[in-house]
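Visitor: My questions concern the predicted model and sequence given below.
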There are 2 protein chains.
Amino acid sequence: MPQQPPPRASGTRRTEPRGSRAQSIYHALRRAILEQALRPGMKLPEDTIGEQFGVSRTLVREALGRLAVEGLVELKPNKGASVAYPTLDEARDVFEVRRALERQVVLSLAGRLTPAQIERLEAHVRSEDAAQGRDGPESIRLAGELHILLAEMTGNALLERYVQEVSSRCSLILALYGRPHSSECAVSEHRQLIEALRLGDPEKAVAVMDHHLEAVAARAVLAPRTTGDIRELLGPYARKEGFKAS
Amino acid sequence: MPQQPPPRASGTRRTEPRGSRAQSIYHALRRAILEQALRPGMKLPEDTIGEQFGVSRTLVREALGRLAVEGLVELKPNKGASVAYPTLDEARDVFEVRRALERQVVLSLAGRLTPAQIERLEAHVRSEDAAQGRDGPESIRLAGELHILLAEMTGNALLERYVQEVSSRCSLILALYGRPHSSECAVSEHRQLIEALRLGDPEKAVAVMDHHLEAVAARAVLAPRTTGDIRELLGPYARKEGFKAS
DNA sequence: CAGAAGCGTATTGTATGCATTTTGGAGAAG
DNA sequence: CTTCTCCAAAATGCATACAATACGCTTCTG
């Protein structure tokens, strides 16, 4: 097995000296999962991943641990990590919590958005529109990000974190059980939602959000697929984060 | 410094052979924080804690990481961990999210509780009553646990986890900013809540819960205190989890 | 040929060691 | 007496080493 040389003693630095590198691994893996480069159920061996990123198992373990807390990976004792494979029951639970949280988001936001914020939201929806042509995973990610953007605008950090978490898990669930072009209607629903928030009617806004999430949840049953080599799949993500793989 | 002998090669086992020991550290630290043995702002050095539990820094790090995700400890890069010291703004955020979540809990539960579950809830309230005499941290912990019990009964694992998290953080917040005997009214409010759930009127139940949480949140402003040696404070918790400290 | 037992390999669990960063203080300069 | 600088002690960040467990394959037995 080819062995990469040990990290140079001094002088040249890796592109990311600051902040924990575990953070970067975490982000890369997260993205890879949400974009379905890493498919649900796929094994995530620590040393293989570490090899790709050029770090030791220690950091990979840390990243995997955090992803496990968020429900994106499953962590079975003595058996390692794998991309989470949510059951339909779990999916229902996630959507239920998501509804409760996003209800709070729109209640906080209705009638309180600044013009600048509204513009930002509308810009996002436009890019959703643009990405819709390619039915790639990009579209799913963007749809999720609108909700995160909304949560961010509440200024409530905890609410934002939770919405981010359930959004991620919903993306995973849709990847598993959703129909192919499910995002089409989402765009128009997003426009409606923003309009309701702008007008400032909380009742209406909550109703629209509820309807939207209901619609999102109502897309189910599709067959999963398999396989792919972890090395190759992770390469691009490692590079994006500034690592050079072995 | 007295050095404990390395773990014996074979034969006798520590009291907890199964499951990650990091889990135990996590639980012990969590309890210690919630019971205010470890006070907000207090430093949590990895070596010292590991020494107390008789494990290496690796496991302590893992436990601290998880507590950081939950918001019970703060983790500053290159500066280590300390017990979280939430600001009043963060406190407000936590309570807001808590309201949204627990609203969902009572909606799920109203009119759906079995007699056995109701009895279990009432039993819990009785023990709250019993613990109320001693105004110790026990009382705060029990009050929080009722809400966790409720969340557990929804059967929604994610909802349960989130409620557990916000409950913990609320306990910490009350410890920081709450008035001394704040839990007195809580007991009667808990009784009201259970009654409303038993009767099965969702509107009423939500109203009671909302009022209850409002009341809990409305207890603010108290001066924090300081100090204590980490070694001694953690000793009991380590022993409770079956570790023998060095 | 089917199934069970044994063994080697791959992978996880945990400890330890080294480099880097932070921190507190001694000592010199102002 | 204050403050700045520099250094040593301590704590963290990360990699590596070793132990324990799980998995798959061969092999032995019925």
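Guide: Structure received. Just so it is clear, the model here is predicted, and its values are computed rather than measured.
Visitor: Only C-alpha atoms from now on, for both contacts and neighbour counts.
Guide: Noted.
Visitor: show me where chain A has helices.
Guide: Remark: helices assigned in chain A by DSSP state H are A:21-34, A:46-53, A:57-70, A:88-109, A:115-132, A:137-153, A:157-177, A:183-199, A:202-217, A:230-240.
Visitor: which intervals of chain A have sub-threshold pLDDT?
Guide: By pLDDT under 70, the weakly predicted segments of chain A are A:1-19, A:133-137, A:180-185, A:219-230, A:232-233, A:235-236, A:244-246.
Visitor: Would you tell me which of the helices of chain A gets closest to DNA strand C?
Guide: Judged by Cα to the nearest atom of the strand, the one of the helices of chain A that comes nearest to DNA strand C is helix A:46-53, at 4.0 Å.
Visitor: buried set for stretch A:100-113?
Guide: A:100-113 (16 or more other Cα atoms under 10 Å in any protein chain shown).
Visitor: So which of those residues reach chain B?
Guide: A:Ala100, A:Leu101, A:Arg103, A:Gln104 (Cα under 8 Å from any Cα of the partner chain).
Visitor: thinking again about what came up before, adding distance to DNA strand C, write the buried residues of stretch A:100-113 out as CSV.
Guide: Formatted as CSV, the buried residues of stretch A:100-113 follow (distance: Cα to the nearest atom of the strand, whole Å):
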residue, distance to DNA strand C
A:Ala100, 34
A:Leu101, 32
A:Glu102, 35
A:Arg103, 38
A:Gln104, 37
A:Val105, 36
A:Val106, 40
A:Leu107, 40
A:Ser108, 37
A:Leu109, 38
A:Ala110, 42
A:Gly111, 43
A:Arg112, 39
A:Leu113, 38
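Visitor: Please identify which pair of the residues you listed lies farthest apart.
Guide: Across these, the longest distance by Cα to Cα is 20.6 Å; it joins A:Ala100 and A:Leu113.
Visitor: ok, now which ones touch the residue positioned nearest the centre of chain A?
Guide: Among the residues of chain A, A:Ser168 comes closest to the average C-alpha position under Cα atoms, centre = their mean, at 3.8 Å. Shown in contact with A:Ser168 (Cα atoms under 8 Å, 6 or more residues apart in numbering or on different chains): A:Leu34, A:Leu72, A:Gly144.
Visitor: From the residues you listed, pick the one nearest B:Ala28.
Guide: A:Leu72 (26.1 Å).
Visitor: just checking, that closest one touches A:Val83?
Guide: Yes: at 6.3 Å, A:Leu72 and A:Val83 qualify as touching, with contact defined as Cα atoms under 8 Å.
Visitor: can you list residues touching both of the two?
Guide: Common neighbours of A:Leu72 and A:Val83, counting by Cα under 8 Å, 6+ apart, are A:Ile33.
Visitor: Isn't A:Asp129 up against A:Glu189?
Guide: No: the criterion here is Cα under 8 Å, and A:Asp129 misses it with A:Glu189 at 12.0 Å.
Visitor: near chain B, which residues of chain A?
Guide: Residues of chain A lying near chain B (Cα under 8 Å from any Cα): A:19-20, A:62, A:66, A:69, A:77, A:90, A:93-94, A:97, A:100-101, A:103-104, A:156-159.
Visitor: Show me just the buried residues among the residues you listed.
Guide: A:62, A:66, A:90, A:93-94, A:97, A:100-101, A:103-104, A:156, A:158-159.
Visitor: Among those, which pair sits farthest apart?
Guide: Maximum distance among these (Cα to Cα): 32.5 Å, for A:Glu62 and A:Arg103.
Visitor: any idea how far A:Arg198 is from A:Thr114?
Guide: 9 Å (Cα to Cα, to the nearest Å).
Visitor: Who has more neighbours out of the two?
Guide: For A:Thr114 versus A:Arg198, neighbours defined as other Cα atoms under 10 Å in any protein chain shown are more numerous around A:Arg198 (19 against 12).
Visitor: check contacts around that one.
Guide: A:Ala110, A:Gly111, A:Arg112, A:Leu113, A:Ile118.
Visitor: the domain parsing of chain A - what is it?
Guide: Domain segmentation of chain A under automatic domain parsing yields A:21-85+A:225-240, A:88-217.
Visitor: between the ones you listed, which gets nearest to DNA strand D?
Guide: Closest among the domains of chain A, using Cα to the nearest atom of the strand: domain A:21-85+A:225-240, at 3.6 Å.
Visitor: right, and A:Gly41 touches A:Ala84 too?
Guide: Yes: using Cα under 8 Å, A:Gly41 is in contact with A:Ala84, at 5.9 Å.
Visitor: Looking at these two, which one has more neighbours?
Guide: Set side by side, A:Gly41 and A:Ala84 show more neighbours around A:Ala84, with 22 against 17, by other Cα under 10 Å.
Visitor: Grab the nearest non-local neighbour of the more buried one.
Guide: A:Val73 (4.3 Å; Cα to Cα, 6 or more residues apart in numbering or on different chains).
Visitor: residues contacting the one you found?
Guide: A:Val73 touches A:Leu64, A:Leu67, A:Ala81, A:Ser82, A:Val83, A:Ala84, counting by Cα under 8 Å, 6+ apart.
Visitor: so the fifth one bridges to which residues?
Guide: Same thing as A:Val83. A:Val73 (DSSP bridges).
Visitor: my guess is it contacts A:Pro45, does it?
Guide: No: when contacts are counted by Cα under 8 Å, A:Val83 is not listed as touching A:Pro45 (10.8 Å).
Visitor: Show me which of these two is the more surrounded one.
Guide: Remark: of A:Val83 and A:Pro45, A:Val83 carries more neighbours, 25 against 16, as counted by other Cα under 10 Å.
Visitor: got the contact list for that one?
Guide: Neighbour list for A:Val83: A:Ile33, A:Leu38, A:Arg39, A:Pro40, A:Gly41, A:Met42, A:Lys43, A:Leu44, A:Leu72, A:Val73, A:Glu74 [criterion: Cα under 8 Å, 6+ apart].
Visitor: Out of those, flag the one nearest to B:Arg179.
Guide: A:Leu72 (39.6 Å).
Visitor: so what's A:Ala175 up against?
Guide: Neighbour list for A:Ala175: A:Gln36 [criterion: Cα under 8 Å, 6+ apart].
Visitor: A:Tyr162 versus that one, what's the distance?
Guide: On the measure of Cα to Cα, A:Ala175 and A:Tyr162 end up 20 Å apart.
Visitor: Count the neighbours of A:Val55 for me.
Guide: 19.
Visitor: Please tell me how far it sits from A:Leu159.
Guide: 33 Å.
Visitor: again, but for A:Arg103
Guide: A:Arg103 is 11 Å from A:Leu159, by Cα to Cα.
Visitor: likewise A:Gly111?
Guide: 19 Å.
Visitor: How about A:Lys43?
Guide: 31 Å.
Visitor: And A:Val125, by the same measure?
Guide: 22 Å.
Visitor: Pull the number of nearby residues for A:Val206.
Guide: Applying other Cα under 10 Å, we find 22 residues neighbouring A:Val206.
Visitor: Repeat that for A:Glu138.
Guide: Neighbour tally, A:Glu138, other Cα under 10 Å: 14.
Visitor: What are the neighbouring residues in contact with it?
Guide: A:Glu35, A:Ala131.
Visitor: repeat for the one 4 residues further on
Guide: The contact partners of A:Leu142, taken as Cα under 8 Å, 6+ apart, are A:Glu128.
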